[in-house]
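Visitor: After the sequence you'll find the predicted model.
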Amino acid sequence: MGKTDNIFILLILIIFIIIFYFSLNSYNKPIKSILESFSDVNIGFESGQSSGAIIGTIKFNKPFKDIPQVFTQISGDASIKNNSYSIQIYNISTSGFDYSINMVTNEVIPNSSAKVATLQPAKSSEIFNWIALSSN
């Protein structure tokens with residue numbers, strides 16, 4: 001690389017630094033988080049974590065205007081093998097929802113080598129995360 005190549009690269013780098021500096025300083029509005037931006041599009045939002053009970057009720061901090069959609073994700077222990085869980089959400093209202101956590105297991109069919117998946121109440125408490133969304 002020659003001396004003129006180094007100067008050219010240095011000039012390009014300086015131009016990028018100047019553009020970056022002015023773009024940061026000219027943007028006077030604070031950057032909003034994803035959750036704060038929900039208020040701009042008129043969406044009701046709340047999220048949380050379960051208590052760890054196998055069966056329970058989640059109460060929202062602030063009631064929704066409409067019945068929200070509720071989504072869940074189990075926070076299981078990755079070191080345990082065959083830990084498949086299913087979270088049943090029911091009785092969803094503007095003020096909360098009920099849930100039960102079940103475990104998916106593989107049962108061997110008698111007199112066969114075949115297995116069938118079964119759903120049974122969880123044997124241990126599992127924590128799950130939830131999010132509720134509704135248009136206001």
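Guide: Good, I have the coordinates. Note that the coordinates shown come from a computational prediction; the quantities given were computed from them, not determined experimentally.
Visitor: hey, let's count contacts and neighbours off CA atoms from now on
Guide: Will do.
Visitor: Residue 87: how many residues sit nearby?
Guide: By the criterion of other C-alpha atoms under 10 Å, residue 87 has 19 neighbours.
Visitor: part of a helix, is residue 14?
Guide: Yes - assessed by DSSP: H, G, I helix; E, B strand; the rest coil, residue 14 belongs to a helix.
Visitor: pull the helix or strand with minimum mean pLDDT from this protein.
Guide: helix 34-37 (a mean of 54; mean pLDDT, DSSP states H and E).
Visitor: From one end of stretch 67-84 to the other, what's the distance?
Guide: Distances were taken as C-alpha to C-alpha, to the nearest Å; on that basis the terminal residues of stretch 67-84 are 29 Å apart.
Visitor: Can you list the buried residues in stretch 118-133?
Guide: 122, 126, 127, 128, 130, 132, 133 (16 or more other C-alpha atoms under 10 Å).
Visitor: do stretch 63-75 as well
Guide: Going through stretch 63-75 with 16+ other C-alpha under 10 Å, the ones that come out buried are 64, 67, 68, 70, 72, 74.
Visitor: so what's the residue lying closest to residue 100 once chain neighbours are set aside scoring on pLDDT?
Guide: Using C-alpha to C-alpha, 6 or more residues apart in numbering and skipping the chain neighbours, the partner closest in space to residue 100 is residue 55 (4.3 Å). We note a pLDDT of 88 for residue 55 in this prediction.
Visitor: With the one 5 residues further on instead?
Guide: Residue 60 carries a pLDDT value of 93.
Visitor: same check, this time on residue 45
Guide: Residue-level confidence at residue 45 comes out at 84, pLDDT.
Visitor: For the biggest strand by length in the chain, name the packing helices and strands.
Guide: Among all segments of the chain classified by DSSP state E, the strand with the greatest residue count is strand 96-108. Packed against strand 96-108, as judged by 3 or more C-alpha pairs under 8 Å, 6 or more residues apart in numbering; DSSP states H and E, are the following elements: strand 55-59, strand 84-90, strand 115-121.
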